[in-house]
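Chemist: This is the structure alone, sequence omitted:
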C-alpha cells in the first residue's frame, strides 16, 4: 500500500522531520545558535525546493493515506510560506540559552504536522498529524519565557488542547462506526449513503465532535476562550505560531472533511455552520475593542479571523452547486494565506522590537514608534490595514471573496429561502464586523503614528525581523495589486480537488462533474481580452 | 435526524410532564424509551451532583447509588445484551467495574487513590477489549497505561506530595460546576445512549452493503472495500481467528505505515520536549524566579 | 487619430508618481523642495484634464447613444467566474477608467483646486517639519480622488472611496502631536466606516441583482449605467430592493459628504492643516457623496421615495448646519458647518429627481469648490498671519493688515451668499428653481414618464393614485423651498458675521502673531487671487440652462436619460426671475443684518457671549420692578425648604418659569415703563434690546440648542453605534475568567447548545 | 442483530460512560494531575468505542487506531507530567486555579471562600515509601505518624 510513489510525495515532510531531528541532535554538541538557525532555514528551503520539484506532477491521486491533489498542495504551500517567514523572522535576542536547537527542531515538527494534515486522507493520519502539531507546541510554549505567565499559558493550552482532542477522537470514532471505514474518500460516500438511509441519529454528534477538535485549533466559538489568555502569556513568536499553524490545520481539516463527507444540503447543518462564524467574529471583534494588551488584542483579532474563515466553510456547506463549493473553499484558502502573512508579519515585527530592553506588552508602549522605526511602523500599519480589509491591500480581497461567495450562494439557492437568508446574514454581519474591526486596528495605527511616546527609552528593532516584516508588508501590497494569480490558483485547486470529492460523495455522475469543472475554469471575456 | 429529534422532543415533553405532575405522570410514558432517558438523566445529574468534590460527605453513597440507577435506566435504551452466559456475566462485571472505578477516580479526594482507581478502570476496559477480540490492544493497554503511565502518575503525585489535604483536592471551583457540569455530562451521556438506541443504530449488514455500493458508484475502484478483511461471524472466536494479531501487525506496517512513522516522530518530539522542559524549568528557571 | 483615453491614465498617474517620488526622495534629497513633484504632477494633470474636457466637448453623442462615453480597461484586477448556467454571475473587477462629461468636469475641478492648494501650501507649510510628508499625502490624495471620479465600476469606486478616506485620515492627523488632531482623524475614519458599511452592502446588492457592477456595457452584460440599459429601457429595480440599494448608497454618501446624521466628523476634521481643509474637506473629497448620488441617479430615479429621502436629508442638513454656524467663534468651524450646509443644498437639489435639479446640484458642487476653497485658503492666510489663532474673538479689523486676503475673502463671502453675478448666485439660483418647480409640478401630469421610467407598473399605479401622493410630495418640496430660502438668508448672515468680525472693527491682533502680522507671501496670495477671479466669473458657464456647463453635463449617459422626460423648467420661466430676485433679496437682507449687528462693533460679540451663557434669564429676573415679586408671592420660604431637601433645581426652575410668566403678564407695565420718551431716546428706542430678545435671542438660542443637540445627541448616537460593540465587548470580557475548567465547561455547553439548536432547527 | 453486535453496542455505552465521567471530572476537579487523569479516562472511553466499532465492522482499523491513541497518550503523559512537575516547582501546589493570572484586565480572580478551616491549617502528611533491601526494624514512632498512603 505504501509504495515508492507515496513516499516520494512526502519528501518535503520527510525533509522537515529529518532536518528537525538532525538539528535537535546537533544542538547539545554546542553548535552555535546562528548555525542552527541557518540549518533551519536551509531545511525549509530544501522542503520548498522539493515541493516544487516532484510534488507538482502528482495531480489528483489519492491512495488510502495521502491526498496529493492541488488542495493539499495549496495548503502545503501556505504552510511552507508561513514556515519560511517564521524561521527567518524569529528574533535573535529573544532568548539566550542552549535550547535554540530544540526550538527550531520542534517548530519544524509543527510545520511538518501542518503539511501532513493537509495531505491526510485517512482518519488515523489526520489524528496523528494533528497531534504532531499540538505536542511540540506545548513544549514551545513552555520554552518561551521563564515567567509565570508563560508557564500558565502552556498549561492552559495543554489541558484544553488534550481535552478538545479527546472530543475530536470521539467524533472520529463515531464517524468510523457510522461509515465503516477510516478512509476519507470512502467514508464520504458511505456517510452520504447513510444519510440517505436515515441512520442519521448520531451523525450530527459525530460532525459536531470533530468540529470541537478542529474548532479548538481555529479558536472558533465556543472553543475560543483559551486564545486571549494563552497569547498573553506567550512570547510574540509563539503567539505567532499559535495564530497561524493551528489555523492552517483547522482550515485544512474542515475543508477536507466537509468536502469528502459531501456538504449535505441540510438547512439544520447550514444553520449551525452559519451561526458559529457569526458569533465567532462578533465575539472576536467586540472583545478586541477593549484591549490594551497587544497580544490579547491580536488574540481576539485572530478569533475574529477564525470567524471569517468559517464563513467560507459555511459557504462550502451551503453551496448547492460546484460554484458554491469552489467559492467557499477557494475564498477560505485565500483568506487563510493572506491572514497567515499579515499575522506572522505582525508577530515578527513585535518579536524583534525592544522598548527599554523589553518586548512591548502594551499598546501604549508602541506610541510614536513611527518616529524611531518608520519602516517597522509602516509594516505594522500595512498589516493592520490589511487585516481590517482596507481596499487595495490583500486583506480586502480575502474579505471580498468571502462576502461575494456568501452572496453568490444566496443568489443560487433561491429554492431554499432559509439557507439563502443565512448566507445573506453571514455577508451582512461580516461587513458590519469589518466596520467594527476597523476601530481597533486603526487604534493601533493611530498609536504608531499619531501619539507621543510615553516612555523615554529608545525603541530598537532587530534588523532581521524588521526586514522580514517589511517583506511581508510588501508581499501584502503586491497581492493587493495583483490578487488574480493567488485567487485563480486557489480556485484551480478547489475546482480540481473539492468538486470531484463532493461529486463523489454526493454520487454525481462523472459527466456532470466534468461539465461543472469545465464551466468553472472557463476564462472570462474581460480576462481574455487582455490576454 | 427526524426520528432522533422526535426522540429529543418526546424526552422534553416527558420531563415537563414529570416536573408538572410528579412521579405518577411518568407511568403514562412507561413504554417510551424517552422515559428511560429522562429518568436516567435525572438520576445521573443528582448522582454526579452528590459526588462532586466539596459536596457533603454523607451523600456519597447515595450519589453512587443514584449514578448506578441512572446507568441502569440508560442501559434499557439499548437492546438487551445477549450471548453465552460467561460472556454476558464477564462483560457486566467488567463494565460495572470500569464505570464504578471510573466514578471513584473522579470523586476520590486523594489524588493517589484517583490514580489507583484509574488503574482498576484500565483493567476493566482491557478485559472488555479482550472480549471484543482485541488481545494485543488489551495487553498494550495494561502494559502501557497501567504499567507505565499510571505508575508515572503515581510517581509524580508522590513527588508533588499531594495527599488530599490540599484544598484543591477537596473542593471544586465555586458554584458553577455544581450546576452546570453534572447536567452537561449526564445530558451528553444520555444523548449518546439515545443515539445508540436500537432504531437509530446502524445495522452492520446493511451498512456494509451501502458502503460498498457507495464506493462503486463513486468510481473509487482503487480504494479497497472496507469490510473485506475478516469473515463475518457471530462469536468472538469466529470473528477474530488466532492469526489476527499477525494481521494487525501487517496492517500496521503496510497500510498504516505513515501514521506509525508519524507517531514515531511524535514520540521523539515528546521525548525532546520533556527533556527540554525539565532542563529549562529547573536550575536557571527557579533562580530567575527567586531573584 | 488622437485618442484622449491614452492620456486619461496620466491624470491619476502623475500624482501617484509624484507621491512615490516624494515619499522616497523627500526626507533625504528633496526636503524643502518637496513641493516640486506634487506641483508639477498636479499641474500636468490639470492641463491634461483641460485637454480631455475639450476633447469630450468636441465629441457629439454618437448615433443612437444617449451621451458621450468612452472607457478603457487597463487590467483585470480580479476575476471570479460564475457557473456556466447563469445561476451565479461572474465577479469581475476591472480597472476601467471612463471619460464622460461628468468625469471630465470633476477632473478639471479637482486638479485645478489641488494645484492652487499645493501652490498655497508652499508658503503655508514651509516651516513644518513634515514638509515632504504633506506633499506626499496630498499627491496620494489627488491620485485617489482622480481615480474615484474616473472609475467605471462601483467596486473600483469603492476602493478609491476608501483610499481617499485613508488619505483624509492621514492628513487630518497630520499634526499628530496634537491629541485632538489624532482623535479627529480617527473619528473621521470611523464615522466614514459606518457609511462604507452602507456602500459595501449596496454594492453587494447591486451585484446580486444586476449581475454586474460596471457603469458601462460590456460584450457580455449590460452595465448598470450603460447605454444599453438606458436606451433599451432595461428595468431598474424599484420596490424594496431598489429602495434598499438607494438608501444604502445614500448612507455611504452621507458618510463621505457629511450629511445628517454622519456629519459629525467634518467640523472636527478642521484640526488638519488649512490647505487640507480647503482641498479635501471643502472642495473635493466631501463632494464624492454628491458625485456618487449623481452618478447613480438612474437607480434613484426608479425609486421616488429614495429621492425624496435624499432631498429631506439634504434640506434638513442644510438648515441645521446653517443654524449651527451662526454661533461658532472658530472661523474654520463656521466654514466647516457652511460646507455641511452647502452639501446639504446639493443633496436637496439631487433629490428633486429632475434633470435640471441634478445638474443644478452638480453645478453648485462645481462653483462651491472654488469659493469654498477660496474662503478656506483665506482663513488659512489669516491663521498664518495670526500665528495659528483661529478664534474670531481674538482678532479683528485685519483689512488694513491683509488687504489681499480681505478683498479675496470678500469675494468668496459674496459668492457664498449668492450675490449677483458671482458664482454662488447662479448655482444657488438653479437649485432654488429646481426645488421650487418640484413644488409646483403635480406628478400626475407626467404620464409620459411611464415611457422612460423603467419600473413601469409601479409608476402607473402611482399615476392612477396620483393626486394624493403627488400633492404630499409637492407640499414637501414647497416647504423644502422655503427651508432653502431661510438657509440662504442664514448663510449670508453667518458668512458676513465672520467676515465683519475678522476684517472690520477695531484692529485686534493676538500675541501669538508676534510682530509678523503681515500679508501672506505671493505663493499664498496668488492662489487666492486666481480663486477670487474664478469665484466671480465661473458661474457664467452655467448661467444659461440650455448651453454651457448644464448642457454639457446633460450629455453624461446616466443623466441623459432624464432629459428624455418633459422639460419641466420651460413651463415656469416667468417664476424664475422672481426666484432670482427673491434669493438675492434674501441674501442681501442677511448681509445687511450682519452688517447692522457686527459691522464695526466688537462689543457685540461679548454681549452675545453673555447671552449664550444663559445670563439673559437672570437679566430678565433682575429687572428692578420685577424685584421681589417672586418673594412676595411667598417663594423664599419655599425655595429655602426645597434647597434644604436637596431639590433646589425644582424651585429654581419653577421660579424662573413663574418669573417669566409674570413678566409676560405684566409686559404692558414693562412697556409702559420703557416707553417714556426720555428713555426711548436715551436707549436708542431699545431697538437693539428688542431685537436681541425677540429676534436674535430665540434664533441664537435655537442655534445653540441645535449645536448642543448635534454635539450630544447626534454625536452621542453616532458614538453609541461605536459604544454598543464596546458594551458587548464587556460581556465577552466577562467570560474570560482565566479559569481553565470554566473554559472546558463552556466548550461542552456551547457544543450542547449548538447541537440542540440544530435539532430544533431541523424540526421547524 | 446478533449476540456479538449487542456486545459491541454495550461496550460503546461503557465507552460513552467513561467519556462522560472523564469530562465531568475534568470540569469539577482542580488537581492538575487528576484533570489529566480524567482526560486519559476520556481517551479510554474513546478507545473502547473504537474497538467496539472495529469489531462491529469486522475490521482491524479500530484496533490500529487504538494503538495509535495509546502511543499519543503516552506522549502526552510524558510531556504533561514534565510540565506539571515544573509548574509544581514554581507554584508549590497542583491547583489549576492558581494559574489564572492571564485573564481579562479588571476581572477579579476566583478565590475559594469555603475552605474548611480545620483542614486548611492541618499539617501536610508526607508519604513514605518502603526502602528496598533488608527488612528494617519497625519503629513505633513511624507507625504512629504513618500516613494513610
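Modeler: Received it, and whenever you're ready, just let me know what you need. Keep in mind that this is a model prediction, so the values were computed, not measured.
Chemist: Is residue B:173 part of a helix or strand, or is it coil?
Modeler: With DSSP: H, G, I helix; E, B strand; the rest coil as the basis, residue B:173 sits in coil.
Chemist: Repeat that for residue A:221.
Modeler: Three-state assignment for residue A:221 (three-state DSSP): coil.
Chemist: ranges for the strands of the stretch 251-400 of chain A?
Modeler: A:353-355 (DSSP state E, counting those that start in this stretch).
Chemist: What parts of it come near chain C?
Modeler: A:266-269, A:271-272, A:275-276, A:282-283, A:285-290, A:321-324, A:327, A:385, A:390-392, A:396-397, A:400 (Cβ under 8 Å from any Cβ of the partner chain). Where you see a C-beta, it was placed from the backbone N, CA and C, and this is true even at glycine.
Chemist: Can you list the buried residues in stretch A:487-498?
Modeler: For stretch A:487-498, a neighbour-count test (16 or more other Cβ atoms under 10 Å in any protein chain shown) marks A:487-498 as buried.
Chemist: Turn these into a markdown table, columns for secondary structure, pLDDT and distance to residue C:590.
Modeler: Formatted as a markdown table, the buried residues of stretch A:487-498 follow (DSSP: H, G, I helix; E, B strand; the rest coil; pLDDT from 0 to 100; distance: Cβ to Cβ, whole Å):
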| residue | secondary structure | pLDDT | distance to residue C:590 |
| --- | --- | --- | --- |
| A:487 | helix | 87 | 57 |
| A:488 | helix | 84 | 61 |
| A:489 | helix | 85 | 64 |
| A:490 | helix | 88 | 62 |
| A:491 | helix | 86 | 62 |
| A:492 | helix | 83 | 67 |
| A:493 | helix | 83 | 67 |
| A:494 | helix | 84 | 65 |
| A:495 | helix | 83 | 67 |
| A:496 | helix | 80 | 72 |
| A:497 | helix | 79 | 72 |
| A:498 | helix | 80 | 68 |
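Chemist: got the contact list for the residue lying closest to residue D:38 once chain neighbours are set aside?
Modeler: In space, not counting the residues next to it along the chain, residue D:38 is nearest to residue D:25; the distance is 3.5 Å by Cβ to Cβ, 6 or more residues apart in numbering or on different chains. Applying Cβ atoms under 8 Å, 6 or more residues apart in numbering or on different chains to residue D:25 gives the contacts B:105-106, D:34-35, D:37-38, D:41.
Chemist: List the ones among those residues that fall in strands.
Modeler: Assignment to strands by DSSP state E places none of the contacts of residue D:25 there.
Chemist: now, which of those sits nearest residue C:75?
Modeler: Distance to residue C:75 across the contacts of residue D:25 (Cβ to Cβ) is lowest for residue D:35, with 57.9 Å.
Chemist: Quick check on residue A:183: phi, psi?
Modeler: In terms of degrees, to the nearest 10, the main-chain angles of residue A:183 are phi -80, psi 130.
Chemist: so it sits right up against residue A:121, yeah?
Modeler: Yes: in this structure residue A:183 lies within contact range of residue A:121 using Cβ atoms under 8 Å: 6.6 Å.
Chemist: Pick out whichever of the two has more residues nearby.
Modeler: residue A:183 (25 against 22; other Cβ atoms under 10 Å in any protein chain shown).
Chemist: In terms of pLDDT, where does the more buried one sit?
Modeler: In this model, residue A:183 is scored at 82, pLDDT.
Chemist: That one and chain D, how far apart?
Modeler: Residue A:183 sits 9 Å away from chain D, going by Cβ to the nearest Cβ, to the nearest Å.
Chemist: Look up the residues forming beta bridges with that residue.
Modeler: residue A:122 (DSSP bridges).
Chemist: Which secondary structure elements does the helix or strand that contains residue B:271 sit against?
Modeler: If you go by DSSP states H and E, residue B:271 is part of helix B:257-281. Where contact means 3 or more Cβ pairs under 8 Å, 6 or more residues apart in numbering or on different chains; DSSP states H and E, helix B:257-281 is packed against helix A:11-26, helix A:100-119, helix A:123-142, helix D:61-91.
Chemist: 10 Å instead?
Modeler: With contacts taken as 3 or more Cβ pairs under 10 Å, 6 or more residues apart in numbering or on different chains; DSSP states H and E, helix B:257-281 sits against helix A:4-9, helix A:11-26, helix A:100-119, helix A:123-142, helix A:148-179, helix B:244-252, helix D:61-91.
Chemist: Can you confirm whether the longest one lies near chain C?
Modeler: Yes: figure legend: helix A:148-179 in contact with chain C (Cβ under 10 Å from any Cβ of the partner chain); contacting residues A:152, A:155-160, A:163-164, A:167.
Chemist: Equivalent analysis for stretch A:124-138, please.
Modeler: No: if you take Cβ under 10 Å from any Cβ as the test, stretch A:124-138 misses chain C, and the best it gets is 14.1 Å.
Chemist: circling back: can you pick out the most distant pair from the buried residues of stretch A:487-498?
Modeler: With Cβ to Cβ as the measure, no two of the buried residues of stretch A:487-498 lie farther apart than A:487 and A:497, at 16.0 Å.
Chemist: Give me the distance from the longest helix out of those in chain A to the chain's centre.
Modeler: In chain A, taking DSSP state H as the definition, the longest helix is helix A:417-450. Chain-centre distance of helix A:417-450: 19 Å, with Cα atoms, centre = their mean, to the nearest Å.
Chemist: any idea which helix or strand comes after it?
Modeler: Downstream of helix A:417-450, the first helix or strand assigned by DSSP H and E is strand A:459-461.
Chemist: Looking at the residues of helix A:148-179 next to chain C, which is nearest residue C:249?
Modeler: The closest of these, once distances to residue C:249 are taken by Cβ to Cβ, is residue A:164, at 45.1 Å.
Chemist: near chain D too, which of the residues of helix A:148-179 next to chain C?
Modeler: Among the residues of helix A:148-179 next to chain C, chain D is touched by A:152, A:155-156, A:158-160, A:163-164, A:167 when using Cβ under 10 Å from any Cβ.
Chemist: Looking at those residues, spot the one nearest chain D.
Modeler: Comparing those against chain D with Cβ to the nearest Cβ places residue A:152 closest, at 4.4 Å.
Chemist: for the helix holding residue B:271, what is the average pLDDT?
Modeler: Here the average pLDDT along helix B:257-281 is 90.
Chemist: and that helix, which residues are buried?
Modeler: Residues of helix B:257-281 classed as buried by neighbour count (16+ other Cβ under 10 Å): B:257-263, B:265-270, B:272-277, B:279-281.
Chemist: same check, this time on stretch C:477-492
Modeler: Applying 16+ other Cβ under 10 Å to stretch C:477-492 flags C:477, C:480-481, C:483-492 as buried.
Chemist: Kindly reformat these as JSON lines containing secondary structure.
Modeler: Output for the buried residues of stretch C:477-492, formatted as JSON lines (three-state DSSP):
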{"residue": "C:477", "secondary structure": "helix"}
{"residue": "C:480", "secondary structure": "helix"}
{"residue": "C:481", "secondary structure": "helix"}
{"residue": "C:483", "secondary structure": "helix"}
{"residue": "C:484", "secondary structure": "helix"}
{"residue": "C:485", "secondary structure": "helix"}
{"residue": "C:486", "secondary structure": "helix"}
{"residue": "C:487", "secondary structure": "helix"}
{"residue": "C:488", "secondary structure": "helix"}
{"residue": "C:489", "secondary structure": "helix"}
{"residue": "C:490", "secondary structure": "helix"}
{"residue": "C:491", "secondary structure": "helix"}
{"residue": "C:492", "secondary structure": "helix"}
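Chemist: Having no further points to raise, I will conclude here.
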